[in-house]
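Visitor: below are the sequence and a predicted model; questions follow.
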Amino acid sequence: MNPDRWRQIGQLYHTALELESAARAAFLEATCGDDSELRREVESLLHAHEQADGFIAGKVAGVVAEMAAQQRNTSFVGRSLGHYQTLSLIGAGGMGEVYLAEDTRLGRKVALKLLPAAFTQDRERVRRFKQEARAASSLNHPNILTIHEIGEASAADGGAHYIISEFVEGATLRSMARGGRLDIGKATVIAQQVAGALSVAHEAGIVHRDIKPENVMVRPDGLVKVLDFGLAKLTETPAPLADSEASTNMSTAPGLVMGTVSYMSPEQARGQKVDHRADIFSLGVVLYEMLAGRRPFEGATMSDVIAALLTAEPPPLRQYRAEATAELEQVIGKCLAKAREARYQSAAELIVELKTLPPGIQTKEATTSRVEVPMPRPISWRWLSIAATALLLVVGLVSLLSWRRLPAAQPDQIKPTSQEQARTANARPSNPKAYDDYLRGRFYANRQKKADNETAIMMLERSVALDPDFAAAHAELAQAYVWRFFLFTPGEKQWEEKAFVEVEKALALDKDSAVAHQALGRLLWTPANHFPHEKAIKEYRRALALDPSLGEAQNQLALVYNHIGAFDHALQELQNAVTANPTNNLAQFRIGETLLFQGKYEQALTALRKSPREVNPPLVGSTMAMALLHLGRRDEAVAIVEEFLKDYPGDTDVGLFTSIQALIAALDGRENKAEDKIRSAMERGKGFGHFHHTAYNIACAYAVMKKAEEAIRWLQAAADNGFPCYPLFENDPYLDHIGKDPRFIALMAKLKEQSERYRATL
């Protein structure tokens, strides 16, 4: 089948997809006429589409794509583009073919999209597309599909233009809608996440132009991904269309913009220039459809749909969903206003409205889904900055009154010191809002709690979106991503990939950026990389050579020193850090940790009590509890553990406190209880960055129970997974119970030799 014939089939197929099932037969009869083969091909594609249960990685999602490839005999499966090896065809449509591919350089799965030749023959169109795609690739947001690379294949491979993006498993809203109308609470949460993605894009001057159910994916964990940012620009016709021309082109070239007419804003349908408010209209259409089970503007033909879009009001939502509130209808109605001036003027404003809907429409499923932090209503940047500063001061005051241990100077960390100003002088953006978001994001990134980490990521993503050339912001964002998967969500591997991308961007922008080398050290020192201590030390030292006052590099360097037993080196770095910045609470905590590992328990306890627990709740609490246990103050240790488990349930435990409970039970002679807590600690801590500390506590519990084999196995696990701390292992009194076991002696000999090698390089 020749390419022109396939293009004709594709155009009819995409147009028919926009019609209700009852109208498709009449449409195909009118357009195919006596060409029965043409109609049969289109109907077979439509049937395959109806059977598909997803767009990326669904079981039948590639049916349409495979048929297309067979018809054209141009499948790219098994071929390579640079270091990308295609594995299978997983989707096809008017915007091109999508392949599952392997990035052989990084050993990861990616999505490779080949763009249709019809879109790439016009050099000016390709130029505009590349410019738009590069801007889209700078967007860093959890709800936006990450673009890794754009490029052009060699002449031997046909010269096709392609896009490499992250590979996402999940289902599109289109496939989800086949199961019926969505729960109202779930639909509004999805809409909030889409609006969050749009808000970041719009602030960066990017309009999506093609929000529709096919371009919104929902992962199994509820996280929404908006696809194809930057691609809709490619499909725009070069010149505005008159009203009479719009319907004609939408009938004859539905593979382009016209293929999604049901989700267009009125100004798009008229061929007028669009802005970010067009995306808000399209999101309103999608939200209405999710809830009503039908689109707000329908018709038997494309012309009828356009007429309804331009002149008719949608049927009341409560006609299809009796439980829909008046407030919900008002929100959707404002999105769908014909005049763009009557809509929400920003996605941020829409998020606020969605978040303030009456709680009666929220369900348990919806309220436990991930949502983006709502942004403030759009006001002038001057007043926004004043309001944000006031809010942070209030938060600092409340924290001071609540905890009383929080140093009064902590809110000042938001402001750059003279050293910090000098450090970022060359990297500081011209956009003051980007710099403001960077400073605030860094402040929250240093407070290692999950909620603060999410806030840091949001602010730093906004900073790099506003100024993609801001190297320091990219580096800080990379570190926030690392903390995300290291401390909170180890199962979400995309954070590590995002961190890698941000480090690469930071170093590409400024190879001598101290904070970028600090971020690289942090990225290296993870379970996935088997904690390469020497490589991490090298990067931290490089960072400090570039900027000796970089306190976080000193913190992290001391962290690595502690894990390999170089306590004197750790204390030197930490004391320098605290001298330079007395409000460096993380360095103060590390001093207490180092003293604990040295067996100086009273001194450790004194230092730890100077550290606000919100610096890092599980580590501060567990370290303090261990100091109390070693001092024989078991009741106080139990109280500490219970207090922290009550205040920080679940997501910050990571097995540390539970493993201490196992040790306490072992000390009390309750072996069954100890075994039960060990099993629980293993389950809770699996995959987390600091699990080696949990493993060490488990080893101590088994040693106290005189179960040498199990104790030694867990000590070996701790050492092999980032914690080969020979001096601690050698001198910890809890391990005295197995000190004469030949296997323990052999392990200590091996760790001692390794420790001496480490110290020889320091």
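Guide: On my side now, so go ahead.
Visitor: quick one, phi psi at Gly33?
Guide: With angles defined as degrees, to the nearest 10, Gly33 sits at phi 60, psi -130.
Visitor: number of residues surrounding it?
Guide: 10 (other C-beta atoms under 10 Å). Placement of C-beta: from N, CA and C, glycine included.
Visitor: with Ile564 instead?
Guide: Count around Ile564 with other C-beta under 10 Å applied: 26.
Visitor: check Glu709 too.
Guide: Neighbours of Glu709 (other C-beta under 10 Å): 11.
Visitor: quick one, grab the pLDDT at it.
Guide: We have a pLDDT of 94 for Glu709.
Visitor: got a list of what it touches?
Guide: Contact analysis of Glu709 by C-beta atoms under 8 Å, 6 or more residues apart in numbering lists Arg743.
Visitor: gap between it and Phe744?
Guide: Going from Glu709 to Phe744 by C-beta to C-beta, to the nearest Å gives 10 Å.
Visitor: now do Glu214
Guide: Glu214 is 60 Å from Phe744, by C-beta to C-beta.
Visitor: can I assume Gly565 sits in a helix?
Guide: No: per DSSP: H, G, I helix; E, B strand; the rest coil, Gly565 lies outside any helix segment and is coil.
Visitor: from what I can see it touches Asp732, true?
Guide: No: using C-beta atoms under 8 Å, Gly565 makes no contact with Asp732, being 11.9 Å away.
Visitor: between the two, which one's more packed in?
Guide: Gly565 (25 against 19).
Visitor: next one: phi and psi at that one?
Guide: Note on Gly565: its backbone torsions stand at phi 80, psi 10 [degrees, to the nearest 10].
Visitor: mind checking pLDDT for it?
Guide: You'll see Gly565 listed with a pLDDT of 95.
Visitor: how about the contacts made by it?
Guide: Contacts of Gly565 (C-beta under 8 Å, 6+ apart): 597, 724-728, 755, 758.
Visitor: look up how far Thr325 lies from the closest residue to Pro220 other than its chain neighbours.
Guide: Spatially, and ignoring its direct neighbours in sequence, Pro220 is nearest to Gly170 (6.4 Å; C-beta to C-beta, 6 or more residues apart in numbering). Going from Gly170 to Thr325 by C-beta to C-beta gives 29 Å.
Visitor: tell me which two of the contacts of Gly565 sit farthest apart.
Guide: With C-beta to C-beta as the measure, no two of the contacts of Gly565 lie farther apart than Phe597 and Tyr758, at 14.8 Å.
Visitor: pLDDT (mean, whole number) over stretch 335-350?
Guide: Stretch 335-350 comes out at a mean pLDDT of 93.
Visitor: how about Val216, phi and psi?
Guide: Torsion angles, degrees, to the nearest 10, at Val216: phi -130, psi 120.
Visitor: same question for His83.
Guide: Backbone geometry at His83, expressed as degrees, to the nearest 10, gives phi -100, psi 20.
Visitor: what secondary structure does the nearest residue to it once chain neighbours are set aside sit in?
Guide: Nearest residue to His83, sequence neighbours excluded (C-beta to C-beta, 6+ apart): Arg105, at 4.4 Å. For Arg105, the assignment made with three-state DSSP gives coil.
Visitor: give the next helix or strand downstream of the least confident helix or strand in the chain by mean pLDDT.
Guide: Within the chain, confidence by mean pLDDT, DSSP states H and E is lowest for helix 243-252 among all helices and strands, at a mean of 32. Note on helix 243-252: by DSSP states H and E, the next helix or strand toward the C-terminus is helix 266-269.
Visitor: tell me what the helix or strand just after that following helix is packed against?
Guide: Once helix 266-269 ends, the next helix or strand along the chain (criterion: DSSP H and E) is helix 276-292. Under the contact criterion of 3 or more C-beta pairs under 8 Å, 6 or more residues apart in numbering; DSSP states H and E, helix 276-292 touches helix 173-177, helix 184-203, helix 266-269, helix 326-335, helix 347-355.
Visitor: and the residue nearest the centre of the chain, its phi and psi?
Guide: When C-alpha atoms, centre = their mean is applied to the chain, the residue found nearest the centroid is Pro142 (3.5 Å). Dihedral pair for Pro142: phi -60, psi -30, per degrees, to the nearest 10.
Visitor: can you give me the pLDDT of it?
Guide: Predicted confidence (pLDDT) for Pro142: 81.
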